[in-house]
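model the following, please.
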Amino acid sequence: MNKTAIKNFAIWARNKLIADITYKAGLLGITEKEIKNPLPQSTKDVQFFDIGTKEPYSITGAEIVQRRKLAEAIQQKVKQSDYKIAYKSVIEEVAYTWFNRLIAVRFMEVNDYLPTRIRVLSSESSTKIEPDLVTSPFDADLDYSPYEKDRIMQLKNDNQLDELFRMLFIKQCNALNAILPELFEKTNDYTELLMNVSFTDKDGVVYRLVNDIPEDDFNVAKEGQVEIIGWLYQYYNTEPKQAVFDGLKKNVKITKENIPAATQLFTPDWIVRYMVENSLGRLWLERERASSGLSDEYLNGSYFGWKYYLEEAEQEPEVKAELVKIREEYKDIKPEDIKVIDPCMGSGHILVYAFDVLMQIYESYGYSQRDAAKLILEKNLYGLEIDRRAYQLAYFALMMKARQYNRRILALGVRPQVYEPTGYGDGMEYGSLVRVDQLEPMPEPPKENQMTLFEGNYDAKLNAWHFRRLLAQKYDVVATNPPYAGSSGLNGNAAEFLKDNYPDTKSDMFAAFIERCCEFVKAKGFVAMITQQAWMFLSSYEVLRAKLASGYTCNNMIHLGNGAFGFADFGITSFIYCKYRIKDYLGTYVRLVEENNPEWKESEFLKGHHRHIANTNDFDKIPGSPVVYWISKAIQQAFENGIPIEKIADVKRGMTTSDNNRFLRFWAEVDFTEMRTGAKSADDAEESGCTWFPYSKGGGYRKWYGYHEYVIDWKNNGERVIDFAKTINKSYTRTIVNIPYYFKPSVGFCYITMGPFSMRWIPEGFIYDSGGPGMFSDLITRKKLLGLMNSKPAQVILKLISPTINLQIADIIRMPFLFVETELNRTEELVDYNVTLSRSDWDAFETSWNFTCHPL
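As a prediction, this is how the structure comes out:
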């Protein structure tokens with residue numbers, strides 16, 4: 001699959017469609033600034049609009065109604081935002097509607113899935129540009145009206161082939177409504193009015209779709225996969241996603257409208273296979289082993305050709321006995337009993353592969369492919385998605401997957417069990433994080449004489465009920481790639497919802513979804529997810545780790561680190577948890593964090609490298625119970641025998657000035673006579689009458705001594721800094737914290753650690769920044785701490801405690817403190833020597849306020 005071509009086309013196509021639709025709307029007097037009234041000479045049958053040319057632009061008949069509906073759609077959205085945002089939203093909706101339909105028709109025509117069996121966008125002949133439907137429109141069974149037949153002949157005779165193509169494409173889309181209603185809705189509204197496509201324009205969307213992306217990428221009989229639909233969707237959202245991230249840098253919160261663009265990532269195919277094979281696949285293998293009595297050596301992943309299936313680690317006899325008991329509970333499961341959900345399904349990638357695995361399961365049970373395809377859609381697969389665009393493509397992908405196995409499936413009226421939350425307010429805002437404790441009865445349809453009046457309202461109610469039905473059900477397998485969005489970047493409603501409903505996982509949506517997926521799954525069921533790795537280590541997720549440890553068992557995990565998605569991401573892990581707890585179970589963990597190359601990660605996985613076997617009980621030996629499956633026995637003993645740093649030192653962060661440009665300077669920028677170093681206390685500083693005092697702000701990697709670069713305006717005990725803080729917060733101590741520790745000596749470090757961790761000696765006289773915390777204790781203990789924290793063992797242990805670049809105080813205080821008393825004098829000597837050496841080096845250059853002359 002040529003993903004570069006797919007990406008380039010999708011990004012370009014979005015801009016091209018928006019530009020063409022914007023132009024067409026402008027002809028109708030609808031612009032980013034206003035909705036113009038028709039010119040005075042307009043009548044009820046024809047409307048005219050001034051477009052700056054000699055002759056005005058005119059519309060008639062149905063077009064007048066369609067324009068009115070377009071204006072109404074914009075005005076309806078204005079009730080929730082301003083006009084400009086509403087206008088752009090409607091234009092974007094029309095663009096993605098036609099994009100979805102174009103790529104769907106392209107997929108269907110290449111695979112000969114169109115009921116008419118005639119190509120719509122291209123030709124069977126590679127030398128012919130004109131689509132076959134334009135060449136032979138009457139060979140297609142599209143039920144033309146007499147007027148349409150006359151119109152086709154007129155356009156062909158007048159050689160208006162683009163206009164004919166537009167008419168026939170819309171006719172084909174409306175015909176597809178009968179078999180794929182969720183994607184091909186009737187288009188006799190403003191979306192049809194704004195459609196502006198051409199097959200002759202070599203810089204048009206149709207021509208480039210046909211010619212830029214290799215046809216084989218769509219053809220499932222060759223190299224193609226239905227997953228191309230998902231890749232096109234993700235790349236289509238490239239620029240909207242970047243716009244959201246740029247907004248976050250400017251403190252613009254993520255809203256419900258742009259959560260999809262900000263959070264959706266198309267999961268790499270091999271990770272999808274890992275997740276599905278080790279959850280759904282494992283469930284069926286356990287059932288087969290229980291019912292057949294065959295050994296694990298015979299019934300394993302290779303039996304079904306599952307390359308990404310991880311065999312269970314060798315267990316102790318007591319654990320094996322527990323597993324045998326659990327296996328018996330799967331014994332009577334039939335294929336049609338299995339329920340699989342992706343509660344954040346996006347464009348359906350995980351569900352599509354689950355379809356393939358379920359097909360293997362059905363066939364192994366004796367079903368035909370034709371019967372199995374229908375049952376899988378009706379009984380096995382479930383999906384929820386907050387974004388209608390993605391939902392439509394997931395629906396389409398599943399129908400195309402079923403069509404691959406059952407040629408008649410499109411004519412059977414079968415509907416996949418996938419839904420988006422139209423008609424359900426909470427669902428539209430919070431998606432599948434909403435909990436439904438009790439499901440109300442299905443809404444009754446309106447009576448026959450009320451159908452026209454209430455049909456739309458009933459459809460919305462029924463859809464909302466189905467969405468809630470899926471929220472209320474329990475599932476054998478839950479597999480998903482949830483949104484990643486920190487609560488600090490979410491708008492007020494979403495952040496408050498997380499705080500109220502997911503207090504233990506409120507800091508990020510992905511963590512809340514871990515908690516929610518564990519609620520979705522049945523007892524003895526499987527949860528398969530790919531998430532950020534932060535939950536494995538950070539203290540803010542300690543309660544989540546405790547919940548998982550108390551009620552679930554980790555079968556296996558692929559710790560992917562950075563680069564799993566093919567770009568510099570945020571550290572990823574994928575895992576399989578089962579909803580049962582077995583003491584001393586040995587999980588299998590694959591550590592693929594060394595390289596940021598996704599191809600390397602997959603290759604190393606398939607080679608069977610980087611495997612670790614770990615007992616989750618061992619994680620409890622480390623404060624906070626981080627998921628450190630690769631920990632050595634020696635480090636375990638260090639935690640068991642050592643004293644946490646919090647027991648021997650006060651580790652404190654410093655202030656946030658709220659305006660560094662106002663209150664901080666490099667020391668060389670100020671009058672040296674107004675700067676005081678070495679102040680022993682706040683009183684000493686105040687009595688000096690000086691304005692500027694040394695400020696420990698962190699800095700980069702440097703051991704022992706240095707990065708004494710900044711000074712802060714702390715005249716009269718910080719009078720100006722504190723007065724400013726009072727204008728921001730009710731209490732200045734929200735940002736000006738730990739004042740009693742100012743001017744005390746410490747050993748300091750930096751929160752952000754892009755490279756190795758380093759710690760430095762901070763003499764008395766310094767004030768501390770929030771990014772440059774300090775450890776405060778007596779002189780001897782400070783020296784011990786400095787020696788320990790700058791050692792190689794400390795680097796290893798800190799990476800265990802917090803592999804992220806943000807090292808928090810909560811991480812530091814968990815560090816075990818171990819010292820051999822007989823080595824104390826030697827340790828002090830080495831620390832003193834290194835501090836002296838580092839100070840001499842720092843003072844040898846003009847960046848130090850103690851500089852006298854250059855060493856050369």
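
drop to CA atoms for contacts and neighbour counts, all remaining ones
Fine.

now tell me what touches whichever strand or helix holds Phe467 from outside.
For Phe467, the element it lies in under DSSP states H and E is helix 451-472. The set of residues external to helix 451-472 that reach it, using CA atoms under 8 Å, 6 or more residues apart in numbering, is 382-384, 419-424, 427, 432, 434-440, 442-443, 445-446, 520.

if you set the cut-off to 6 Å instead, what comes out?
Applying CA atoms under 6 Å, 6 or more residues apart in numbering, the contact partners of helix 451-472 are Tyr419, Pro421, Gly423, Tyr424, Val436.

return the subset of these lying in helices.
Of the contacts of helix 451-472, none are assigned to helices by DSSP state H.

which of those are buried? Put it as a ChimeraX command.
ChimeraX command restricting the contacts of helix 451-472 to the buried ones, with burial defined by 16 or more other CA atoms under 10 Å:
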select :419,421,423,424
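
closest to Lys607 out of the contacts of helix 451-472?
Tyr419 (38.9 Å; CA to CA).

just give the nearest non-adjacent residue to that closest one, would you?
Of all residues beyond its chain neighbours, the one nearest Tyr419 is Leu384 (5.2 Å), with distances taken as CA to CA, 6 or more residues apart in numbering.

Gln438 too?
Ala472 (7.0 Å).

now Glu594
Of all residues not flanking Glu594 in the chain, Gly561 sits nearest, at 7.8 Å (CA to CA, 6+ apart).

who does the one you found form a beta bridge with?
Beta-bridge pairing of Gly561 under DSSP bridges involves Ile572.

just give me the neighbour total for it.
Residues lying near Gly561 (other CA atoms under 10 Å) number 24.

quick check: it touching Ser574?
No: with contact defined as CA atoms under 6 Å, Gly561 does not count as touching Ser574 (10.0 Å).

now the strands for the stretch 551-700 of the chain?
553-561, 572-578, 586-591, 611-615, 643-644, 650-652, 664-666, 692-696 (DSSP state E, counting those that start in this stretch).

who does the helix or strand just after the last one pair up with?
Which is strand 692-696. Next along the chain after strand 692-696, taking DSSP H and E as the criterion, comes strand 710-713. The pairing partners recorded for strand 710-713 under DSSP bridges are strand 664-666 (antiparallel), strand 692-696 (antiparallel).

for these, give me TSV that also has distance to Pro626, mean neighbour count and mean pLDDT.
Converted to TSV, the strands paired with strand 710-713 look like this (distance: least, CA to CA, whole Å; neighbours: other CA atoms under 10 Å; pLDDT from 0 to 100):
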stretch	distance to Pro626	mean neighbour count	mean pLDDT
strand 664-666	38	17	94
strand 692-696	30	27	95
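
can I get the ones you listed in CSV with distance to Glu34?
As requested, the strands paired with strand 710-713 are arranged in CSV below (distance: least, CA to CA, whole Å):
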stretch, distance to Glu34
strand 664-666, 48
strand 692-696, 54
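
among these, which comes closest to Lys325?
Lys325 sits nearest to strand 692-696 of all the strands paired with strand 710-713, at 59.5 Å, using CA to CA.

wait, isn't the residue nearest to Tyr419 in contact with Pro343?
Yes: assessed by CA under 6 Å, Leu384 is found in contact with Pro343 at 4.7 Å.

report all helices and strands that the next helix or strand after the helix holding Phe467 contacts.
Helices and strands here follow DSSP H and E; after helix 451-472, the next one along the chain is strand 475-480. Under the contact criterion of 3 or more CA pairs under 6 Å, 6 or more residues apart in numbering; DSSP states H and E, strand 475-480 touches strand 340-342, strand 521-532.

helix or strand for Lys401, which one?
helix 388-405.

how far does that helix sit from its chain's centre?
21 Å (CA atoms, centre = their mean, to the nearest Å).

mind listing residues that contact that helix?
Outside of helix 388-405, the residues within contact range by CA under 6 Å, 6+ apart are Leu183, Val226, Gly346, Ser347, Gly348, Val352, Gln369, Arg370, Ala373, Glu385, Ile409.

residues near the nearest residue to the first one once chain neighbours are set aside, how many?
Sequence neighbours aside, Gln392 is the residue nearest to Leu183 in space, at 5.3 Å (criterion: CA to CA, 6+ apart). Counted by other CA under 10 Å, the residues lying close to Gln392 total 25.

and the contacts of helix 451-472 as CSV, adding pLDDT and distance to Phe165?
Below are the contacts of helix 451-472 laid out as CSV (pLDDT from 0 to 100; distance: CA to CA, whole Å):
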residue, pLDDT, distance to Phe165
Tyr419, 96, 32
Pro421, 93, 34
Gly423, 87, 35
Tyr424, 88, 38
Val436, 94, 48
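
quick one: low-confidence ranges for the stretch 1-150 of the chain?
By pLDDT under 70, the stretch 1-150 of the chain contains no weakly predicted segment.

if you set the cut-off to 90 instead, what comes out?
1-3, 51-54, 61-62, 77, 79-82, 126-127 (pLDDT under 90).

which residues of it fall in helices?
3-27, 62-78, 83-110, 132-135, 146-157 (DSSP state H, counting those that start in this stretch).

okay, the ones you listed in a markdown table with mean neighbour count next?
Shown next, in a markdown table, are the helices of the stretch 1-150 of the chain (neighbours: other CA atoms under 10 Å):
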| stretch | mean neighbour count |
| --- | --- |
| helix 3-27 | 18 |
| helix 62-78 | 17 |
| helix 83-110 | 20 |
| helix 132-135 | 20 |
| helix 146-157 | 13 |
